[in-house]
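Undergrad: need the 3D shape of this:
(one chain, ligands or ions: 1)
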Amino acid sequence: MHFINALNQGFGIAGCLQFEAGPGGLPVATIGTAQASAQVALQGAHLLSWQPAGQQPVLWLSSAAEFAPGKPVRGGVPVCWPWFGPLADKGQHGFARNRPWSVRASALDAEGRVVLCLGLGADGQTRALWDHDFDLELQLTLGQTLEMTLRTRNTGAAAFDITQALHTYFRVGDIGQTRVLGLAGCDYLDKTQAMARLTQHGDLGFGGETDRVYLDTAGDCLIDDPVLRRRIRIAKAGSRSTVVWNPWADKVMADMAPGEYAGMVCVETCNAGPDAVTLAPGQTHALSARIALD
Ligand code: TA6
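TA: Predicted coordinates:
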């Protein structure tokens, strides 16, 4: 409780932002303003929910999500870093999503949005997995729109490469009727076909397991959801790849209930596959996404 009290004293904003023990006892920041409500777990700097005022929740969170120290959470926005996808015996999607982050700053901006800044640095455990010195910072701006900026700084003496993702799970009414616009004409690597390189023709619809790394994607994507009668726009910067994922019915996951796949789609702002980022000592890279209901 002392930890939570100290967070509230240092970073709480009366009536808008408070820290508390969340699901599984994990510390969370709970945000509630005239513009939006949201919750962020300090483990993984993981945005668990975001709901603009007067709208339905935009992010999807599994009903079977596990909340425990060191375990990734299924849903919301896991931060995959410093690698995206599997890496030999080191597990999938890096360690940033499983580590406790610290709170660096909080504020209410001129537009009445909560700005929350969380950070992570190297220690013995991160070096055992990835032997580099770094400073990682996630800035979340939570209002009628959601802005996420992940900044990586190389604080070491040697260059390093990263791949990364703001692995965003969106809530949709019915995946079978959902379409993703903005990827027509782009090449993609299809994980369900041994990473075959294929080209997207027209808008993307869903009729089975979909797991693709779209390449050279700088423009906006739109999720068209006729069931929830909305369009979600994802704009981005510092990212040349977009991953789209839905596991469909056959893939059994302990932290996803049967049938839940129908209510979600991941459209991820990434630097993945061949789109790795190299940072020389002292260099910084910013990956950002801006999400809005059109
Ligand atoms: O982003 C798509 C993906 O890489 C899929 O291949 C799928 O495995 C998914 O991420 C979830 O990964 P996770 O490690 O969270 O189970």
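Undergrad: three-state assignment of residue 3?
TA: Of the three states, residue 3 takes helix under DSSP: H, G, I helix; E, B strand; the rest coil.
Undergrad: how about it, what does it touch?
TA: When contacts are counted by Cβ atoms under 8 Å, 6 or more residues apart in numbering, residue 3 touches residue 27. C-beta coordinates here come from the backbone N, C-alpha and C atoms, glycine included.
Undergrad: local confidence estimate at it?
TA: Turning to residue 3, the model gives it a pLDDT of 95.
Undergrad: for stretch 284-294, buried residues please.
TA: Applying a neighbour-count criterion of 16 or more other Cβ atoms under 10 Å, the buried positions in stretch 284-294 are 285, 287-293.
Undergrad: my bad, should have said stretch 221-240
TA: So for stretch 221-240, counting by 16+ other Cβ under 10 Å, buried means 221-225, 228, 230, 232-236, 238-240.
Undergrad: near the ligand, which residues of the stretch 51-200 of the chain?
TA: Within the stretch 51-200 of the chain, the positions near the ligand by Cβ under 6 Å from any ligand atom are 72, 85, 92-93, 167, 191.
Undergrad: 8 Å - rerun?
TA: Taking Cβ under 8 Å from any ligand atom as the test, the list of the stretch 51-200 of the chain residues beside the ligand reads 72, 74, 78, 80, 84-85, 91-93, 97, 165, 167, 191.
Undergrad: make a markdown table out of these and add neighbour count, pLDDT and distance to residue 16.
TA: Formatted as a markdown table, those follow (neighbours: other Cβ atoms under 10 Å; pLDDT from 0 to 100; distance: Cβ to Cβ, whole Å):
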| residue | neighbour count | pLDDT | distance to residue 16 |
| --- | --- | --- | --- |
| 72 | 21 | 97 | 28 |
| 74 | 20 | 98 | 28 |
| 78 | 25 | 98 | 25 |
| 80 | 26 | 98 | 29 |
| 84 | 25 | 98 | 33 |
| 85 | 16 | 95 | 37 |
| 91 | 13 | 90 | 36 |
| 92 | 12 | 96 | 35 |
| 93 | 22 | 98 | 31 |
| 97 | 23 | 98 | 26 |
| 165 | 30 | 98 | 29 |
| 167 | 24 | 98 | 27 |
| 191 | 17 | 97 | 40 |
